[in-house]
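> got a predicted structure plus its sequence, pasted below:
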Amino acid sequence: MRILFLTPGFPENEQDTTCIPALQDFMAAFARLHPEAVAGVIAFQYPYTRGAYRWRGVEVYACGGRGAPKLRRLNTWLQALRQAHRIHRQNPITLVHSFWLSECALVGQWLSRWWGVPHVATIMGQDVRPTNRYLKRLNLSRMAVACGSPHSAAHFRKATGREVTRIIHWGLEPALLLPPTNSPDRDIDLLGVGALTPLKNYSLFVETVARLKEDFPRIRAVLIGDGPERARLEQMIAEHHLGKHLRLTGHLPRPEVGRYMQRSRILVHPSTFEAQAHVFKEALYYGMWVVSYDVGHVPFPERIYLCREPGDFSRITRNLLSRTPEHRSVLLKSMERTVEEYWQLYPTELQPYRRTKE
């Protein structure tokens, strides 16, 4: 089997730990378990510089699209198609696997038809929502669609009227993470990790810290990430006089995020939408508790508290901070298992093509 992977972005080198951590975990595990099957990765938009390079033994070609709009985006697609055909001529591709139901799935659809090979597409985030214009341009009956949670599958059903081919929960690749710790000595009470965008809803994080400060005058919180909401959040912090209680770190490398998780008690995640919330699994791996809306994949209800309304965040975190819960590392699933589940899915998609050729 020879698989070509298509993605909007991919780390530019092995030190680039912040570019789509879940996909990094997947490709690292896949290359370790099935190196002979990885024909290559084509990254459409990022890295921004066009060219070929190797990442953990994987051949990667960056189209350098830089998120170009409209007609300029067509040039990125042409670059991707040229590279795909070059790889196919050298050693024929037997399956295309694209990530996100967007431009990569569209190009993957074309390659699947031209080469007569199956196409597997993985839902990765907001691409499952009805606002995704690509959903109407994709022939979903001609590809296997996988997702990482029942939540994501439900959104796909609502947007398209179709069922996903398979739900495959994504795990973690411990080799790319810091060692977990079960230590109860943690100096950060609340931690937030994510892009500072309206969807992530971190204004509620700030409001939660402000409410808890009344009962916990020494409360300490950290919010990791950057984005268009940062200035507004900084203003809220000043208005609530939280300068000594809540710090914004900006964008941090993944190992540094891991170090903060080792020191933190509770992950507060007020996002209004997640496809699978990979950050939950990392928080549990580092021994944290999680407080969130009912989004993404909630695989361990004993340690993940779900909120129905904004006031639940302060109520639940107050209860957790009032006692001393254990901080036990939980690896819910390894990425090795995730890769093997995809490896089992691929032959079921190859079989109809084999029968056609026979």
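Nice, I can see it.

> report pLDDT for Ala27.
If you look again at residue 27, you'll see it is Met, not Ala. Met27 is assigned 97 on the pLDDT scale.

> tally of neighbours for Leu111?
Leu111: 21 surrounding residues under other Cβ atoms under 10 Å. C-beta coordinates here come from the backbone N, C-alpha and C atoms, glycine included.

> and it, that one's in a helix?
Yes - using DSSP: H, G, I helix; E, B strand; the rest coil, the assignment for Leu111 is a helix.

> how near is it to Thr49?
Per Cβ to Cβ, to the nearest Å, Leu111 is found 24 Å from Thr49.

> do Asp312 as well
45 Å.

> which residues touch stretch 123-134?
Identification of contacts with stretch 123-134 by Cβ atoms under 8 Å, 6 or more residues apart in numbering yields 22-23, 99-103, 105-106, 145-148, 152, 155-156, 158-159, 164, 199, 273-275.

> for that stretch, buried residues please.
For stretch 123-134, the neighbour count (16 or more other Cβ atoms under 10 Å) marks 123-128, 132 as buried.

> can you give me the end-to-end distance of it?
Terminal residues of stretch 123-134 are spaced 12 Å apart (Cα to Cα, to the nearest Å).

> restrict the top strand by length along the chain to CA atoms and write it as PDB.
The longest strand of the chain (DSSP state E) is strand 38-46. Extracted C-alpha coordinates of strand 38-46, given in PDB (Å, rounded to 0.1, in the frame of the first residue of the first chain):
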ATOM      1  CA  VAL A  38       4.000   6.700   3.400                       C
ATOM      2  CA  ALA A  39       4.400   8.000  -0.100                       C
ATOM      3  CA  GLY A  40       4.600  11.500   1.100                       C
ATOM      4  CA  VAL A  41       2.700  14.500   2.500                       C
ATOM      5  CA  ILE A  42       1.700  17.600   0.500                       C
ATOM      6  CA  ALA A  43       1.000  20.700   2.500                       C
ATOM      7  CA  PHE A  44      -1.000  23.300   0.700                       C
ATOM      8  CA  GLN A  45      -0.800  26.500   2.700                       C
ATOM      9  CA  TYR A  46       1.900  26.100   5.400                       C
END
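
> use 101 as the first number for this chain going forward.
Okay, using 101 as the starting number, the last item reads as strand 138-146.

> name the next helix or strand downstream of it, please.
Counting by DSSP states H and E, the next helix or strand C-terminal to strand 138-146 is strand 151-155.

> what average pLDDT does the very next helix or strand once past that next one get?
Next helix or strand after strand 151-155 toward the C-terminus (DSSP H and E): strand 158-162. Per-region confidence: strand 158-162 scores 97 on mean pLDDT.

> what's the following helix or strand past strand 158-162 in contact with?
Going down the chain from strand 158-162, the next helix or strand is helix 170-190, by DSSP H and E. For helix 170-190, contacts defined as Cβ under 8 Å, 6+ apart pick out 104, 106, 139-140, 142, 144-145, 150, 161, 163-165, 168, 193, 203, 206-207, 210-211, 215.

> report the distance from helix 170-190 to the chain centre.
25 Å (Cα atoms, centre = their mean, to the nearest Å).

> name the residues of that helix that come out as buried.
Within helix 170-190, the residues that count as buried by 16+ other Cβ under 10 Å are 173, 176-177, 179-181, 183-184, 187-188.

> now those residues in JSON lines, with pLDDT?
Below are those laid out as JSON lines (pLDDT from 0 to 100):
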{"residue": "Arg173", "pLDDT": "92"}
{"residue": "Thr176", "pLDDT": "96"}
{"residue": "Trp177", "pLDDT": "96"}
{"residue": "Gln179", "pLDDT": "96"}
{"residue": "Ala180", "pLDDT": "97"}
{"residue": "Leu181", "pLDDT": "97"}
{"residue": "Gln183", "pLDDT": "97"}
{"residue": "Ala184", "pLDDT": "98"}
{"residue": "Ile187", "pLDDT": "97"}
{"residue": "His188", "pLDDT": "97"}
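
> got the residues you listed as CSV, with distance to Glu112 columns?
Below are those laid out as CSV (distance: Cβ to Cβ, whole Å):
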residue, distance to Glu112
Arg173, 20
Thr176, 16
Trp177, 20
Gln179, 16
Ala180, 17
Leu181, 22
Gln183, 16
Ala184, 20
Ile187, 20
His188, 24
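
> show me what contacts Trp215?
Trp215 touches 188, 192-193, 196, counting by Cβ under 8 Å, 6+ apart.

> list only buried entries from those residues.
The neighbour count (16+ other Cβ under 10 Å) marks 188, 193, 196 as buried among the contacts of Trp215.

> Trp214 versus the first one, what's the distance?
Shown here: His188 relative to Trp214, a distance of 9 Å by Cβ to Cβ.

> list the contacts for the closest residue to Arg266 other than its chain neighbours?
Of all residues not flanking Arg266 in the chain, Ala246 sits nearest, at 5.1 Å (Cβ to Cβ, 6 or more residues apart in numbering). Taking Cβ under 8 Å, 6+ apart, we find Ala246 in contact with 220-223, 264-268, 442, 445.

> swap in 6 Å and give it another go.
Contacts for Ala246 were tallied using Cβ atoms under 6 Å, 6 or more residues apart in numbering; they are 222, 265-266, 268.

> do you know the pLDDT at it?
At Ala246, the pLDDT recorded in the model is 96.

> what's the helix or strand for it?
Element membership for Ala246, per DSSP H and E: strand 244-247.

> mind listing the strands that strand pairs with, and their directions?
Here strand 244-247 has these sheet partners by DSSP bridges: strand 219-222 (parallel), strand 266-267 (parallel).
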